[in-house]
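> Build me a model:
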Amino acid sequence: MKLEHLTSQTFKEKVFNYEMNKEWKFEGTRPAIIDFYADWCAPCKIVAPILEELQEEYGDKLTIYKVDTEQEKELSSIFGIQSIPSLLFIPVDGQPQMAMGALPKETFRKAIGDVLQVN
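Just a heads-up that it's a prediction; the model follows:
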């Protein structure tokens, strides 16, 4: 299962329509992780295969998206992305939480369980 790359348009449809809503309102039906990355970023290259493995493991309990910060500058500025990789953990209910840096797989698993309530 390939990870889906979001543009600002697909982001508004699948994650959060920031043009229509001031308050956070998740558009998805499954918990999600968004990886804000860039092709030149070495830590991003470490995280990429981990996210692909996690998508395989969790299957349709979880959706993992990628946002290229070089191409989607508007999305990056809306979320105040200063460093990459930045990972946004989005539960179905509740506020999303941001984590930064190349996290090890076990840290992702813990956040998926604790923040996203996915086992």
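
> any idea which element L88 lies in?
strand 86-90 (DSSP states H and E).

> That should have said T107, apologies.
helix 105-114.

> which other helices and strands contact that helix?
helix 42-58, strand 97-100 (3 or more C-beta pairs under 8 Å, 6 or more residues apart in numbering; DSSP states H and E). The C-beta positions use only the backbone N, C-alpha and C, and glycine is treated the same way.

> List the buried residues in stretch 43-54.
Buried residues in stretch 43-54, defined by neighbour count with 16 or more other C-beta atoms under 10 Å: 44, 47-48, 50-51, 54.

> which other residues reach that stretch?
For stretch 43-54, the surrounding residues in contact (C-beta atoms under 8 Å, 6 or more residues apart in numbering) are 2-3, 33, 35, 37-38, 62, 64, 66, 84-85, 87, 101-105, 108-109, 112.

> before we move on, the earlier item: can you give the strand pairings for the strand holding L88, parallel or anti for each?
When sheet partners are counted by DSSP bridges, strand 86-90 sits next to strand 32-37 (antiparallel), strand 97-100 (antiparallel).

> so can I have a markdown table of the ones you listed showing mean neighbour count and distance to W24?
Below are those laid out as a markdown table (neighbours: other C-beta atoms under 10 Å; distance: least, C-beta to C-beta, whole Å):
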| stretch | mean neighbour count | distance to W24 |
| --- | --- | --- |
| strand 32-37 | 24 | 13 |
| strand 97-100 | 14 | 11 |
